[in-house]
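Peer 1: Task: produce atomic coordinates for the following.
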Amino acid sequence: MPRKYTKVEMLSEEVFRRKASGETNREIRESYGLTKYQIKQLVSRQHWKACLIANGYIPLPKGRPRKIPYQVFQLR
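Peer 2: Got it, this is the predicted structure:
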């Protein structure tokens, strides 16, 4: 049975633009074919990230650090 996985992060700008224009979560999710949980979690996650950035949090790159720091590449 295949997973029903949709990359909703790519849709976040469009979703928030539509929410600002007054559409409900139900209307948005029906047009994209998403579930109630997916749209609810997307809105919650993006709101949480916006609050962190507003409070001064600086997002750092994820993953293993490089052997040579990124700044060294800029100097070359």
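Peer 1: neighbours of residue 29, just the number please.
Peer 2: Residues near residue 29, counting by other Cβ atoms under 10 Å, number 19. For every residue, glycine as well, the C-beta is placed using N, CA and C.
Peer 1: Same check on residue 66?
Peer 2: Around residue 66 there are 10 other residues, counting by other Cβ under 10 Å.
Peer 1: and residue 63, how far is that from residue 45?
Peer 2: Noted for residue 63: a distance of 19 Å to residue 45, by Cβ to Cβ, to the nearest Å.
Peer 1: out of all of them, which helix in this structure is the longest?
Peer 2: In the chain, ranked by residue count with DSSP state H as the criterion, the top helix is helix 36-54.
Peer 1: Not counting that one itself, show me its contacts.
Peer 2: Residues outside helix 36-54 that contact it (Cβ atoms under 8 Å, 6 or more residues apart in numbering): 6, 8-9, 11-12, 15-16, 19, 25-26, 28-29, 59.
Peer 1: just the buried members of those?
Peer 2: Among the contacts of helix 36-54, those buried by neighbour count (16 or more other Cβ atoms under 10 Å) are 8, 11, 15, 16, 25, 28, 29.
Peer 1: Name all residues that make contact with the fourth one.
Peer 2: Under the criterion of Cβ under 8 Å, 6+ apart, the contact list for residue 16 reads 43, 46.
Peer 1: ok, now with 10 Å
Peer 2: Neighbour list for residue 16: 28, 42, 43, 46, 47, 50 [criterion: Cβ atoms under 10 Å, 6 or more residues apart in numbering].
Peer 1: Tell me the spacing between the residue nearest the centre of the chain and residue 41.
Peer 2: Centroid check for the chain by Cα atoms, centre = their mean gives residue 9 as the closest residue, at 3.9 Å. Computed as Cβ to Cβ, the residue 9 to residue 41 distance reads 11 Å.
Peer 1: With that, I have no additional questions.
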